[in-house]
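Visitor: Can you look at this prediction? I've put the sequence above it.
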Amino acid sequence: MTSPRWERAIVFVDMDAFFASIEQRDHPELRGKPIGITNGEIGTCFITCSYEARKYGIRTGMRIKQARQLCPEVIQVPARPYRYAQVSTDIMSELRLVTPDVEVFSVDEAFLDVTRCQKIYDSPIEAGKLAKQLVYDVSGVTCSVGISGDKTTAKHAAKTAKKGKTTGLFSVFPWEARDYLSALPVTELSGISTGIGDYLNDRGVYVCGDMHNFPIGELAGRFGNLGRRIWYMAQGQDPELVKQSVAAPKSIGHGKVMPPNTKSLTTVKMYLHHMIEKVAARLRKHQLEAQTYFIGVKTNEGWLAQKMQTYIPTNDSQLTKKLVNVFLREVWNKQGCSQVQVTALDPKLEGYQLSLFESHDSQRDQINLAMDKINQRYGEFTLAPANLIKRSQMPNVIAPAWKPFGHRKTV
Ligand SMILES: [Mg+2]
């Protein structure tokens, strides 16, 4: 039986214990065991942990010491951000098979707008089932799926799906979303900060149902568009659209024309180094790194070029300049040339980390702050990148708010 067409149909996909699941999939000896992921070897708290660890009460942000008191056999596993980024990217591109309207919400979460695909799938629920299956097939990681007519309700439905531990999929008909949310404390909605929560509580709005009789004008007057949105959110009508994410560029390159028949090593080197600087700056500007570079000069006989690799993905021109020097030494034979080109191939997002993870006193607070940050961003009707910082001494790590590719519009 096909269900009636939904006015809007949103699928929210949330990977289950993402980092820990990847480690358990890649390392069979960790399967079924309580493991906690740390920020490199020296991390003192768990960024996240496996379900087996959670059974002992171990939580995200907990110090290893404390976790060991709860479960002495918990295994510490250093994070492998590049691996997680890779799996995340695979998953996100797979989800685009369900619908092109995919918003990469974080490294392990995505919104899919399947409104326009309702003719293809018998119902949005079928689209959700497909998303769940595809994620598992491509990554071996399970996910929880929430389906409804708006983002807020779909997100909450995924939470319900996770708790249910049945199929990992839960749907709320859009016309039932208002009732579904009515007993839920407003403070549990994504994007309601403590400030807004207190404001609402002070005015007798505790659960979403209390919002039914609260004038929207009051919220709008106090919090502007966000206030207006919250009013709708609490009633299962979150107006926010799924913002389509754009894939990362396939390459970033710069070229320049030189005086004809240039044969001077100093000049060619200078031009190539200049291109290297420009490419590196552009990679850094977009928090990308690349490991493979195309380096070339145009001679009278055509392009003399080579694909070259750095040891690690980088956007540091000091490393890539070495490639140029090797190229000039081993590939170029002083042929006269008229053009240079440097292109970074297949750039990937840097392993960045939130400043919150290292600058605050209590690590637990840091994680909470990071979580709040996500919620705030979600609530602020914006996709501004999280508060990212320059590289630190610590090994690269991905914070939960991190996104693989896509929040940038252009490069
Ligand atoms: Mg998750």
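Guide: Here it is on my side, so go on. Residues are numbered from 1 along each chain as shown.

Visitor: For the rest of this, base every contact and every neighbour count on C-alpha atoms.
Guide: Noted.

Visitor: Now do the same contact list for residue 325.
Guide: With contact taken as CA atoms under 8 Å, 6 or more residues apart in numbering, residue 325 is in contact with residue 269.

Visitor: In the stretch 201-350 of the chain, which residue sits nearest the ion?
Guide: When distances are taken as CA to the ion, the stretch 201-350 of the chain reaches nearest to the ion at residue 242, 18.4 Å away.

Visitor: One more: the chain?
Guide: Closest point on the chain to the ion, by CA to the ion, is residue 15, at 4.2 Å.

Visitor: Look at the nearest residue to residue 281 once chain neighbours are set aside and say how many residues are nearby.
Guide: In space, residue 281 comes closest to residue 315 once its chain neighbours are excluded; the distance is 7.4 Å by CA to CA, 6 or more residues apart in numbering. Using other CA atoms under 10 Å, the number of residues around residue 315 comes to 25.

Visitor: does residue 315 really touch residue 286, like I thought?
Guide: No. Residue 315 is beyond contact range of residue 286, at 10.2 Å (criterion: CA atoms under 8 Å).

Visitor: my guess is residue 211 meets residue 233, correct?
Guide: No. Counting by CA under 8 Å, residue 211 sits too far from residue 233 to count as a contact (9.8 Å).

Visitor: The two: which has the busier surroundings?
Guide: Neighbours were tallied for residue 211 and for residue 233 using other CA under 10 Å; the higher tally belongs to residue 233 (26 against 21).

Visitor: hang on, the earlier thing: ignoring the adjacent residues along the chain, who's closest to the residue of the chain closest to the ion?
Guide: Using CA to CA, 6+ apart, the closest residue to residue 15 is residue 143 (4.0 Å).

Visitor: Give me the phi and psi angles of the one you found.
Guide: For residue 143, the backbone dihedrals are phi -140, psi 160 (criterion: degrees, to the nearest 10).

Visitor: please begin residue numbering at 782 from this point
Guide: That works, and once the first residue is 782, the last one we named lands at residue 924.

Visitor: coming back round to it: residues shared between the contacts of residue 1096 and residue 1067?
Guide: Contact criterion CA under 8 Å, 6+ apart; residues shared by residue 1096 and residue 1067: none found.

Visitor: is it true that residue 1120 touches residue 1076?
Guide: No. Judged on CA under 8 Å, residue 1120 makes no contact with residue 1076 at a distance of 11.2 Å.

Visitor: Comparing those two, which shows the higher neighbour count?
Guide: Neighbour count, other CA under 10 Å: between residue 1120 and residue 1076, residue 1076 has more, with 25 against 21.

Visitor: partners of that one in the sheet?
Guide: residue 1087, residue 1123 (DSSP bridges).

Visitor: Pull the contacting residues for it.
Guide: Applying CA under 8 Å, 6+ apart, the residues near residue 1076 are 1086, 1087, 1088, 1089, 1105, 1108, 1121, 1122, 1123, 1124.

Visitor: How about residue 794?
Guide: By CA under 8 Å, 6+ apart, residue 794 lies in contact with 890, 891, 892, 893, 912, 913, 924, 925, 926, 927, 939.

Visitor: By neighbours, which of these wins?
Guide: residue 926 (32 neighbours).

Visitor: wait, doesn't it sit right on residue 950?
Guide: Yes. Between residue 926 and residue 950 there is a contact under CA under 8 Å: 4.6 Å.

Visitor: Overlap of the contact sets of the two?
Guide: Counting by CA under 8 Å, 6+ apart, the common neighbours of residue 926 and residue 950 are 909, 910, 939, 942.

Visitor: would you turn those into TSV with pLDDT?
Guide: Shown next, in TSV, are the shared contacts of residue 926 and residue 950 (pLDDT from 0 to 100):
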residue	pLDDT
909	97
910	97
939	96
942	95
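
Visitor: Please pick the buried ones from these.
Guide: The neighbour count (16 or more other CA atoms under 10 Å) marks 909, 910, 939, 942 as buried among the shared contacts of residue 926 and residue 950.

Visitor: So which of those sit within strands?
Guide: Members of these lying in strands (criterion: DSSP state E): none.
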